[in-house]
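> Below: sequence and its predicted model.
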Amino acid sequence: MQRLNCNLLELKFAAAGELADDMTFTGYGAVFGNKDAYGDVIQPGAFATHLLAIKSGEAPWPVMLLQHGGLGLGSEDMTPIGVWLDLTEDSVGLRVTGRLADTPRGREVYTLMKMQPRPAIDGLSIGYVAKDWQTGSKAGEPRRKLHHIELVEISPVTFPANSRARVTGIKGEAASPSIRVLEQALREAGCSRTQAKAILAGGYKTMPLRDAEEGAFEELTALLRRNIDALSATGADHGNHHQRPAGTAG
């Protein structure tokens with residue numbers, strides 16, 4: 001069995017209103033067209049046949065291990081840390097969605113993925129069996145062009161071999177609205193600049209009593225939530241408009 005490391009292209013955490021302990025994430029287990037640290041290049045369509053077998057029940061789903069199960073010397077090393085919910089090929093590569101288990105190791109990995117100012121772990125690595133490939137014969141060519149791969153396991157890893165696959169976005173809990181967005185939402189909800197700064201610094205309890213009329217907090221909360229959603233959506237649309245998919249030239 002061989003292993004190929006890639007970085008997560010996207011992490012998607014539970015959004016507001018969803019279960020805080022959902023611990024799901026998305027990313028790419030492999031990216032097409034770029035040479036990995038072992039000199040191999042995965043070709044588009046390399047996973048297609050095996051994915052059909054997985055989803056039809058003819059082949060088992062790949063397991064989710066941590067660091068490929070380490071050295072495999074203990075039972076904990078080979079104990080899965082979660083499950084894969086979806087595997088799909090797109091124009092970029094093998095897109096995966098997984099859920100970490102509500103266990104000490106699963107929660108630890110989830111915490112490391114969400115760390116700021118950057119994730120402590122953001123790599124993915126596939127363990128696979130190559131079924132069909134073309135061997136390079138000229139200088140500068142890939143060692144192998146992989147045309148058919150069967151997946152065995154996919155692991156979150158610390159040191160990915162695929163240097164061109166990087167995190168492009170984190171949503172939900174790990175992407176909370178910035179102070180600037182929150183202040184703007186408060187201003188649009190009717191707060192003065194002083195009131196907005198006071199709320200952000202210490203919460204509603206810091207507002208002067210004369211501004212805390214009966215029912216005002218509830219109304220402000222609802223309006224604030226709508227404003228934050230609108231501002232966040234605008235910001236996301238703007239960011240996506242300028243975002244270039246990882247693994248493309250330029």
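The structure has been received and is ready for your questions. Predicted model, so just to flag it, every value in this text is computed and none were measured.
> Give the residue spans of this protein that score low on pLDDT.
Residues of the chain meeting the criterion pLDDT under 70: 2-21, 71, 74-75, 161, 163-190, 199-250.
> the domain parsing of it - what is it?
2-172, 177-241 (automatic domain parsing).
> show me where the protein has helices.
For the chain, applying DSSP state H gives helices covering 48-55, 104-114, 179-188, 193-202, 216-241.
> for this protein, what spans make up the strands?
2-7, 10-12, 24-31, 40-42, 63-64, 82-89, 93-100, 123-135, 144-157, 169-171 (DSSP state E).
> Highest mean neighbour count out of these?
Highest mean neighbour count among the strands of the chain (mean count of other Cβ atoms under 10 Å): strand 24-31, with a mean of 25. For every residue, glycine as well, the C-beta is placed using N, CA and C.
> Which strands and helices lie in contact with it?
In terms of contacts (3 or more Cβ pairs under 8 Å, 6 or more residues apart in numbering; DSSP states H and E), strand 24-31 is packed against strand 2-7, strand 10-12, strand 93-100, strand 123-135.
> Next, format the ones you listed as a markdown table and append distance to residue 30.
Shown next, in a markdown table, are those (distance: least, Cβ to Cβ, whole Å):
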| stretch | distance to residue 30 |
| --- | --- |
| strand 2-7 | 5 |
| strand 10-12 | 14 |
| strand 93-100 | 4 |
| strand 123-135 | 6 |
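> The ones you listed: which one's closest to residue 44?
Evaluated with Cβ to Cβ, the helices and strands packed on strand 24-31 place strand 93-100 nearest to residue 44, the distance being 8.4 Å.
> What strands line up against that closest one, and which way round?
For strand 93-100, the pairing partners within the sheet under DSSP bridges are strand 24-31 (antiparallel), strand 82-89 (antiparallel).
> of all those, which lies closest to residue 39?
Nearest to residue 39 among the strands paired with strand 93-100 is strand 24-31 (14.8 Å), distances taken as Cβ to Cβ.
> Compute the inter-axis angle for that closest one and strand 144-157.
Angle of strand 24-31 versus strand 144-157, following axes from the mean of the first three to the mean of the last three Cα atoms, to 10 degrees, is 150 degrees.
> what's the angle from strand 24-31 to strand 123-135?
Orientation note: strand 24-31 sits at an angle of 30 degrees relative to strand 123-135 (the same axes, to 10 degrees).
> So what angle separates the directions of strand 24-31 and helix 104-114?
Using the same axes, to 10 degrees: strand 24-31 against helix 104-114 is 80 degrees.
> May I see the buried residues of stretch 32-39?
Of the residues in stretch 32-39, 32, 33, 34, 35, 36 count as buried by neighbour count, 16 or more other Cβ atoms under 10 Å.
> which non-adjacent residue is nearest residue 103?
Take residue 103 and drop its neighbours on the chain: the residue closest to it by Cβ to Cβ, 6 or more residues apart in numbering is residue 81, 7.1 Å away.
> Surely that neighbour is in contact with residue 67?
No - with contacts defined as Cβ atoms under 8 Å, residue 81 does not count as touching residue 67, sitting 9.8 Å away.
> Now for the two: what residues contact both?
Shared contacts of residue 81 and residue 67 (Cβ atoms under 8 Å, 6 or more residues apart in numbering): residue 156.
> Between these two, point out the one with more neighbours.
Applying other Cβ atoms under 10 Å to residue 81 and residue 67 shows that residue 81 carries more neighbours, namely 24 against 17.
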